[in-house]
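Undergrad: Sharing a model prediction with you, sequence too.
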Amino acid sequence: MVFSYFPGCTLKTKAKDLDLYTRKSAEALGITLEELPDWQCCGAVYPQAKDEIATKLSSIRSLASARDLGYSLVTVCSACHHVIKRVNHDMQTDEDIVLRANNYLQLDTPYHGETKVLHYLEVLRDELGFDELAKRVKNPLTGRKIGAYYGCLLLRPSGEMQFDNPEKPTILEDFIRAIGAEPVIYANRNECCGGYITLENKPLAVKKASAVTASAKANGAECLITACPLCLYNLKENAEGDMPVYYFTELLAEALGVK
């Protein structure tokens, strides 16, 4: 299996472990992730203004590049996935954005949303299969009780992301089972941790992050996993208590014996 890969800026700086363990686990599973040439920042935040085009152009360039290479585009950072998936939806459904973006970019072949965008978790679930993943595990994480933290960006808006049920997601819990551990269900697993307001209102960020870790701990979780660099930072640095938080790819690499 070969995919184009968009790592994004944070995975080259503060979230290198998320990228490292993604690549190591993919190699162990026979998945080839070919980093896009000359990719640019996705824009980091999806613009809410309907007529905003400029901040979407770098995502469109990456999407068009993956199309021209003939592969689906895989992301692993929740923020990058959110932006690129929603921009791709715009290019499939909004003729005004399609016209303006293509007029600006002047691509050899105009882009109309042809690329399939996948999160790495979707590759494991839908392309490889969690049953197959379980067969490849060399060091099952037996006995470990792990809480999945989804956050906001993977699940919403559900009509555009189409990642999982936004109220009752299961993909991370199924992943946890596949690597041999026990998933812990807790109330705050798909609630905002407050990461985006850390600089503006740190006390509120602390309150929201602490609510997540306290909820997980009260239900028996020994640690949390996430796919979002900002969520990981906020839960580790601002949440009260001592709940360990990991990228899901780190525990995947551990289970596969490549950490």
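TA: That came through, no problem. The structure displayed is predicted, hence computed values, not measured ones.
Undergrad: Walk me through the domains of this protein.
TA: Segmentation of the chain into domains, based on automatic domain parsing, reads 2-120, 137-256.
Undergrad: would you list the ones you listed in CSV and tack on mean pLDDT, distance to residue 131 and mean neighbour count?
TA: Where you see a C-beta, it was placed from the backbone N, CA and C, and this is true even at glycine. Putting the domains of the chain into CSV (pLDDT from 0 to 100; distance: least, CB to CB, whole Å; neighbours: other CB atoms under 10 Å) gives the following:
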stretch, mean pLDDT, distance to residue 131, mean neighbour count
domain 2-120, 97, 13, 18
domain 137-256, 97, 8, 19
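Undergrad: can I get the ones you listed in CSV with distance to residue 128?
TA: Output for the domains of the chain, formatted as CSV (distance: least, CB to CB, whole Å):
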stretch, distance to residue 128
domain 2-120, 6
domain 137-256, 10
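Undergrad: For residue 129, find the nearest of those domains.
TA: Shortest separation from residue 129 across the domains of the chain is recorded for domain 137-256, at 9.1 Å, computed as CB to CB.
Undergrad: Could you give the separation of the closest one from the chain centroid?
TA: Per CA atoms, centre = their mean, to the nearest Å, the displacement of domain 137-256 from the mean C-alpha position of its chain is 12 Å.
Undergrad: same thing with stretch 47-58?
TA: When distances are taken as CA atoms, centre = their mean, stretch 47-58 is centred 21 Å away from the chain's centroid.
Undergrad: got the CA positions of it in CSV?
TA: Output of stretch 47-58 as CSV, limited to C-alpha atoms (Å, rounded to 0.1, in the frame of the first residue of the first chain):
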residue,chain,number,x,y,z
PRO,A,47,-11.1,29.7,7.9
GLN,A,48,-14.7,30.3,8.9
ALA,A,49,-15.2,33.2,6.5
LYS,A,50,-16.8,31.7,3.4
ASP,A,51,-15.0,34.1,1.0
GLU,A,52,-11.6,33.3,2.4
ILE,A,53,-9.5,31.7,-0.3
ALA,A,54,-5.8,32.6,0.3
THR,A,55,-5.4,30.4,3.4
LYS,A,56,-6.8,27.4,1.6
LEU,A,57,-4.4,27.6,-1.3
SER,A,58,-1.5,25.6,0.2
